[in-house]
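> Structure for this input, please:
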Amino acid sequence: MAQFMTLPEAVAQNLKSGDTAAFEGFTHLIPHASAHEAIRQGVKDLTLVRMTPDVIYDQLIGVGAVRKLIFSYAGNPGVGLLRRVRDSVENGWPHRIEIEEHSHAAMANAYEAGAAGLPFAVFRGYKGAGLPGVNKNIRAVTCPFTGEELAAVPAIRPDVSFIHAQKADRNGNVLVEGIVGVQKEAVLAARRSVVTVEEIVDDLDAHPNSCVLPGWAVTAISLVPGGAHPSYAHGYYPRDNASYIAWDKIAADRDTFLAWMKDNVLDARPEDFADRVKHLRSAA
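Take a look at the predicted model:
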């Protein structure tokens, strides 16, 4: 059952060096506060999984916390490339990460397979594509009923998944609204999960078709208002587009990047995220 605790406690208890971790979110509800806490705690040698790595993974890779990246798209959305990821892959700074690239369909199906306790995912895809030539984890299987050749990839089963959500009730049930992405599957596929939320309430007031993660499926819940910044939380604050634009220049230079990380991550606290969205709430 879900336990309520501070974010530093949740990260310390559930994320260890060498783990496979997912910090999931699809343009929305991206768990920045959780990733920043992981960086502050000095976790290393991570295998990071995510459909759409963006600024949060640029930061984790730039500080040297990552060994391998399993992904289906990497970029600063609406701006361009991830400069810290590129520096690592091309120049080995701060070290060279291993990359395993998939399609969105493969990642989504792999999360679903993990959530279902299956060893791999089967789907139509990759016919005529070049990725199987560079990714040994893309295989082919033959359907025993029709003889059709299908694509297969290993199930994604993170040691720990991190997501951000709108609400948790006092029984540990979590409501996710808006663009859901694969947050639900990431939590259900993981051995442990940490959910940061905007608020804790007596009643989720969820409609019958809402995405609700039951308390038994969640390991830890932490109250971190603003914890998705600079991404957005539907119903709470919009996306901070200026921060994404600014990141491109910050990340372009190693020294500027390290100085920014010291001021805004290493010397910061989870509580600081609430202040970062105050101007966005007033503009919403």
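> Quick check: buried residues in stretch 174-188?
Judged by neighbour count using 16 or more other CB atoms under 10 Å, the buried positions of stretch 174-188 are 174-178, 180-188. The way it works is simple: take the backbone N, C-alpha and C, and place the C-beta from them, glycine included.
> so how far is the first residue of it from its last?
Chord length of stretch 174-188, first to last residue, is 13 Å (CA to CA, to the nearest Å).
> quick one: contacts of it?
Contacts to stretch 174-188, defined as CB atoms under 8 Å, 6 or more residues apart in numbering, come from residues 2, 22, 24-29, 51, 107-108, 111-112, 114-115, 156, 158, 161, 163, 165-169, 193, 195, 197, 204, 206, 210-213, 215, 217-218, 221, 233-235.
> Buried ones among the residues you listed?
2, 22, 24-26, 28-29, 51, 107-108, 111-112, 114-115, 156, 158, 161, 163, 165-169, 193, 195, 197, 204, 206, 212-213, 215, 217-218, 221, 233.
> so of the residues you listed, which ones are in helices?
Judged by DSSP state H, the subset of those located in helices is 107-108, 111-112, 114-115.
> What is the nearest of these to residue 240?
residue 107 (25.7 Å; CB to CB).
> Hmm, residue 155 and that closest one touching each other?
No - look at residue 107 against residue 155 with CB atoms under 8 Å: they stay out of range, at 11.1 Å.
> Just give the number of residues close to residue 170.
Look at residue 170: counted by other CB atoms under 10 Å, it has 12 neighbours.
> That one against residue 200, yeah?
Yes - between residue 170 and residue 200 a contact is recorded at 6.6 Å, counting by CB under 8 Å.
> what sits in contact with each of these two?
With CB under 8 Å, 6+ apart, residue 170 and residue 200 have no common neighbours.
> follow-up on the earlier one: let me have the ones in helices among the buried ones among the contacts of stretch 174-188 in JSON lines, extended by distance to residue 67 and pLDDT.
Converted to JSON lines, these look like this (distance: CB to CB, whole Å; pLDDT from 0 to 100):
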{"residue": "107", "distance to residue 67": "19", "pLDDT": "97"}
{"residue": "108", "distance to residue 67": "24", "pLDDT": "97"}
{"residue": "111", "distance to residue 67": "21", "pLDDT": "98"}
{"residue": "112", "distance to residue 67": "25", "pLDDT": "98"}
{"residue": "114", "distance to residue 67": "20", "pLDDT": "98"}
{"residue": "115", "distance to residue 67": "24", "pLDDT": "98"}
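> about what we covered before: among the buried ones among the contacts of stretch 174-188, which ones are in strands?
22, 161, 163, 165-169, 193, 195, 197, 212-213, 221 (DSSP state E).
> Name the pair among the residues you listed with the greatest separation in space.
Maximum distance among those (CB to CB): 23.8 Å, for 22 and 169.
> All the helices of the chain, in order from the start?
Remark: helices assigned in the chain by DSSP H are 7-14, 32-40, 55-62, 83-91, 104-115, 183-189, 241-252, 254-261, 272-276, 278-283.
> for the ones you listed, which one sits closest to residue 225?
Nearest of the helices of the chain (CB to CB): helix 272-276, 4.4 Å.
> mind listing what's buried in that closest one?
Neighbour-count burial for helix 272-276 [16+ other CB under 10 Å]: 272-274, 276.
> What distance do you get for residue 240 to residue 246?
Note on residue 240: its distance to residue 246, by CB to CB, to the nearest Å, is 9 Å.
> neighbour-wise, which of those two wins?
Neighbour tally, residue 240 and residue 246, criterion other CB under 10 Å: the higher count belongs to residue 240, 19 against 14.
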